[in-house]
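# how would this look folded up:
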Amino acid sequence: MKIASARRLKGACSVPGDKSISHRAALIAAMANGVSTLENFSTSQDCASTLSCLSELGVKIDRQENTIRVYGGELRQPTAHLNCGNSGSTMRMIAGLLASQNFETTLVGDTSLSARPMNRIVEPLALMGAHLRTNNGLPPLHIHGSEQLSAIDYQMPVASAQVKTSVSLAGLRARGRTIVTEPQSRTRDHTERMLKWFGVPLETVDVSGRATTAIDGPVSFNAAEVRIPGDFSSAAYLIAAAAILPTS
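Numbering: from 1, shown residues only. Below you'll find the predicted structure:
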């Protein structure tokens, strides 16, 4: 193989949608009233796992290339285990959605996912009233949800955007004000931004470097149109190449 060096890079291109934001957009759209349109949805296998799980829960999803339409509404008990593949994001975040459903669900994954810890979401969701079981803290994750979840004031022991998202999604259907406070290390705020975009009244306060998110539930909200921004890590290669080649 011979690779000739380029003198410069010039042009325009688009990159796939951000995975983290795509996960959250699909999960929140599934809980909304109406049909949401999500453009530039990620083409990753992890996000495909999230869509597959939602489909098994009775959510109608139409896809045309990288645009999907999510028909939100009531979920139904799946007829089989929900396979999250290799996506820890899918398993941990969808658990918050399932915690408020009055049926039982089992989340499974591949060999790699089956070795990842799940207690970090089991603790807060159990405090809210859901019943969860694991294999010594590892998947499979069995969830017996409840339509009578109670809000909690949860101080996260370790910074985790997935845990914050899981508790926040459960808080949308819980009675009272659900508060999640992060430790000194602040995590990404994709979930808070996406919930606000869907019209969810949500309060965020940053005091002494500790971010607090508060949701008054139960809350009903409507579908939205979302343009998923491009994945920065995918763009980074092109940015670096252009940066090192003069006149790019």
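# can you pull the pLDDT of Asn33?
For Asn33, the pLDDT comes out at 98.
# Check Thr134 too.
So, for Thr134, pLDDT stands at 98.
# Please name the residues that touch it.
118-119, 122, 140-142 (CB atoms under 8 Å, 6 or more residues apart in numbering). Quick note: C-beta positions are derived from backbone N, CA and C, even for glycine.
# ok, and the most crowded of the residues you listed?
In terms of neighbours by other CB atoms under 10 Å, these top out with Leu141 at 27 neighbours.
# The nearest residue to Thr37 once chain neighbours are set aside: neighbouring residues, count only.
Once flanking residues are discounted, Thr37 sits nearest to Glu225: 4.8 Å by CB to CB, 6 or more residues apart in numbering. Using other CB under 10 Å, Glu225 has 10 other residues around it.
# Glu225 and Val35 touch, don't they?
No - with contact defined as CB atoms under 8 Å, Glu225 does not count as touching Val35 (9.7 Å).
# rewinding a little: ok, the residue nearest to Thr37 to Arg63 distance?
Remark: distance between Glu225 and Arg63 (CB to CB, to the nearest Å) = 16 Å.
# What does the pLDDT read for the residue nearest to Thr37?
We note a pLDDT of 98 for Glu225 in this prediction.
# Against Ala224, how distant is the nearest residue to His131 once chain neighbours are set aside?
Among residues not flanking His131 along the chain, His144 sits closest, at 4.1 Å (CB to CB, 6+ apart). Using CB to CB, His144 is found at 31 Å from Ala224.
# Please say which of those two ends up with more neighbours.
Neighbours were counted for His144 and for Ala224 using other CB under 10 Å; Ala224 has more, 19 against 15.
# Now do the contacts for the more buried one.
29, 32, 36, 197-199.
# Excluding chain neighbours, give the residue nearest to it in space.
Closest to Ala224 by CB to CB, 6+ apart is Phe198, at 4.9 Å.
# just Glu147 next, same as before
Asn102 (4.6 Å).
# Tell me how many other residues crowd the one you found.
Neighbour tally, Asn102, other CB under 10 Å: 11.
# same deal with Pro139?
Using other CB under 10 Å, Pro139 is surrounded by 21 other residues.
# still on that earlier bit, can you list phi and psi of the residue nearest to Thr37 for me?
Note on Glu225: backbone dihedrals following degrees, to the nearest 10 are phi -100, psi 130.
# lowest average confidence, helix or strand, in this protein?
Every helix and strand of the chain was ranked by mean pLDDT, DSSP states H and E. The lowest is strand 202-207, at a mean of 88.
# so what does the helix or strand following that strand touch, helix or strand wise?
Using DSSP states H and E, the helix or strand that follows strand 202-207 in sequence is strand 210-217. Here strand 210-217 touches helix 161-171, strand 176-181, strand 202-207, going by 3 or more CB pairs under 8 Å, 6 or more residues apart in numbering; DSSP states H and E.
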